[in-house]
Structure formats: C-alpha cells, structure tokens
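*Asks:* Sequence first, predicted coordinates after that:
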Amino acid sequence: MHGIGTGAADAAHSGSGLNIHPMDQFIVQPLFSDGPVGMFTITNATLWMALSVVCVVLLLVIGSRGRSVIPSRAQSVAELSYSFIYKMVEDITGKDGIRYFPYIMTLFMFILMANSLALLPMSFAPTAHIAVTAVLALIVFLGVTILGFVLNGPKFLELFWVRSAPLALRPILALIELISYFVRPVSHSIRLAGNIMAGHAVLKVFAGFAGALGLFAFLPIFAITAIYALEVLVAFIQAYVFTILTCVYLKDALHPHH
C-alpha cells in the first residue's frame, strides 16, 4: 500500500522524525501533468480503477478460458467466486434475481480487486474515496428504485407501508421507512469508503513510527503485520457487505411487500 511504502520515508526525511501525514496517500493527482484535476483528467485513481478492471478480466475471462476437469489456480478462484456470488443472489433475491447476477458479480469483483490492489506498496485506494463509492451506491439505488416501479408500478410504494403494524402507527412508520430508504446510498457508500480509509491511514501511521524509532522499529512492524493481515480480510468483507446489501435492496424491488 502507498502508506507502507512512503510512511518510513516521510519520517526519515522529516526534521522532527514523526512528521506523519496519513491522509496524504488519498490525494488524487494527475498522472501526466501538474495542473488541477478536471472532469476528464487521468489521475492515480483512474489508473488503479483501470487496473482493477483489467485484473478482473484477466481472472474471470482469461484465467478461465481454457476450462479443464482439473482446474488451474485461476480457474479455481474464478469458479469459486462465481458460485459464491450466484448462491448469494439466489438465496437473498430468489429465482427472480438471478437475471441480475452479472451486474452483482461485476460489482463484487471490482470492489474486491480494487480493495486488494490497494494493499500493494505504492498503490492507491480508489474505494477510500466517497466520489467512487457514492457513484457505485447511487447506481444501485437508482437502478433498484427504477426497477421497482417498472416491475410493480405504484405497488412498489407498499415497501413503505408496514401492514403488520397497528393502523395508527403505519403513517409514522411509513415516514421512517421513506427516510431510511433515501439514506441507503449514503450509508452504502460511507461504510465502504470509511473502512478502507481508516485501515490504510492506520497502516501509514505505524509505518511512520517504524521509520522514526530506529532500532525499536520492530515494535510497529509487528503492529503493521497484524493490521495488514486484518486489512486483507477487510478487503473481502467490505466487498461482500456492499454486494449483499445490493442483493437486499434488489429483493425489495422484486418483492416490495412487508
């Protein structure tokens, strides 16, 4: 990760020895110029998102192209990922949701690959930016909402009407459900970005300590090793959580009945 690769260097070259800036690793910078970042500027975020897409294609398309009875490692990982997400979509949304499996599979693999590549030294974490995760969450939110009205018409509004509650409480619950529904893209995006950003910032801080403590650097190095192992797990868990919430929201669009 970028924090691990530069944390020790920052501390070594600073006058105080502990001049650590854990948030600098999230700065979006142009790749081919020193000017401001515009709408069509190719940045470090663009590069690492593109690399994530390339890695997904290599794994799922190229890696499983020569399918055999005795699978290669790439084929095994591709098949395991496919069956894992397919089972998730089927269990949560039912048979009606299987037709949307390609999008959900693509979403999971992109987030997982972006999270995983961000753990490499000198890399960049695009999923630590709200600008990236908010777009992913808004696509899910708008897609599910439009799909709900297309498939169910006005009956989609029954999602907000809790029939199992007493009649006097239903209007209040409907308001709460409506607010909760529109908060979905906010929580959906902040959860992913916040967890990735927090983990990488902590790694950067301990990397700075390792560069400043000299002979005692083994203490923060042990901490870095433990946190890094945790971040590998977080990379998968956050992709899984984002995807499973997408399936839950899709289920609401397909079956908007309490």
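*Replies:* Arrived safely, thanks for sending.
*Asks:* contacts, neighbours, all on C-alpha from now
*Replies:* OK.
*Asks:* how many other residues sit next to Gly35?
*Replies:* Other residues lying near Gly35 total 10 when counted by other CA atoms under 10 Å.
*Asks:* likewise the one 5 residues further on?
*Replies:* If you count neighbours by other CA under 10 Å, Phe40 ends up with 7.
*Asks:* ok, the residue nearest to Ala201 when sequence neighbours are not counted to Pro121 distance?
*Replies:* Distances taken as CA to CA, 6 or more residues apart in numbering place Pro22 nearest to Ala201, at 5.0 Å, with adjacent residues excluded. To Pro121, Pro22 is 14 Å away according to CA to CA, to the nearest Å.
*Asks:* Give the next helix or strand downstream of the helix or strand encompassing Lys204.
*Replies:* Using DSSP states H and E, Lys204 sits within helix 170-212. For helix 170-212, the following helix or strand on the C-terminal side (DSSP H and E) is helix 218-254.
*Asks:* Just the endpoints, please. Distance across stretch 64-72?
*Replies:* Using CA to CA, first and last residues of stretch 64-72 are 8 Å apart.
*Asks:* oh, I was asking about stretch 91-103
*Replies:* Start-to-end, stretch 91-103 (CA to CA) is 16 Å.
*Asks:* what's the spacing between Ser164 and Val28?
*Replies:* Taking CA to CA, one finds Ser164 at 49 Å from Val28.
*Asks:* more neighbours, those two?
*Replies:* Neighbour count, other CA under 10 Å: between Ser164 and Val28, Val28 has more, with 17 against 8.
*Asks:* Helices of the stretch 1-150 of the chain, start to end?
*Replies:* Under the criterion DSSP state H, counting those that start in this stretch, helices of the stretch 1-150 of the chain are mapped to 2-13, 44-57, 73-93, 101-117, 130-152.
*Asks:* Need these in a markdown table (columns: mean pLDDT and distance to Ile176).
*Replies:* A markdown table is the format used below for these (pLDDT from 0 to 100; distance: least, CA to CA, whole Å):
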| stretch | mean pLDDT | distance to Ile176 |
| --- | --- | --- |
| helix 2-13 | 49 | 41 |
| helix 44-57 | 94 | 36 |
| helix 73-93 | 92 | 24 |
| helix 101-117 | 96 | 28 |
| helix 130-152 | 95 | 17 |
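*Asks:* and His200, which of those helices is closest to it?
*Replies:* Smallest distance to His200 across these (CA to CA): 6.6 Å, for helix 2-13.
*Asks:* State the distance spanning the first to the last residue of stretch 115-128.
*Replies:* End residues of stretch 115-128 are separated by 9 Å (CA to CA).
*Asks:* How far off centre is it?
*Replies:* 11 Å (CA atoms, centre = their mean, to the nearest Å).
*Asks:* buried residues in that stretch?
*Replies:* Asn115, Ser116, Leu117, Ala118, Leu119, Ser123, Phe124, Ala125, Pro126, Thr127, Ala128 (16 or more other CA atoms under 10 Å).
*Asks:* and the closest residue to the last one other than its chain neighbours, how many neighbours does it have?
*Replies:* In other words, Ala128. Using CA to CA, 6+ apart and skipping the chain neighbours, the partner closest in space to Ala128 is Ala193 (4.2 Å). For Ala193, the neighbour count with other CA under 10 Å is 22.
*Asks:* what sits against Ala193?
*Replies:* Residues near Ala193 by CA atoms under 8 Å, 6 or more residues apart in numbering: Thr127, Ala128, His129, Ile130, Thr133.
*Asks:* how about a cut-off of 10 Å?
*Replies:* Ala193 makes contacts with Ala125, Pro126, Thr127, Ala128, His129, Ile130, Ala131, Val132, Thr133, Ala134, Ser187, Gln238, as judged by CA atoms under 10 Å, 6 or more residues apart in numbering.
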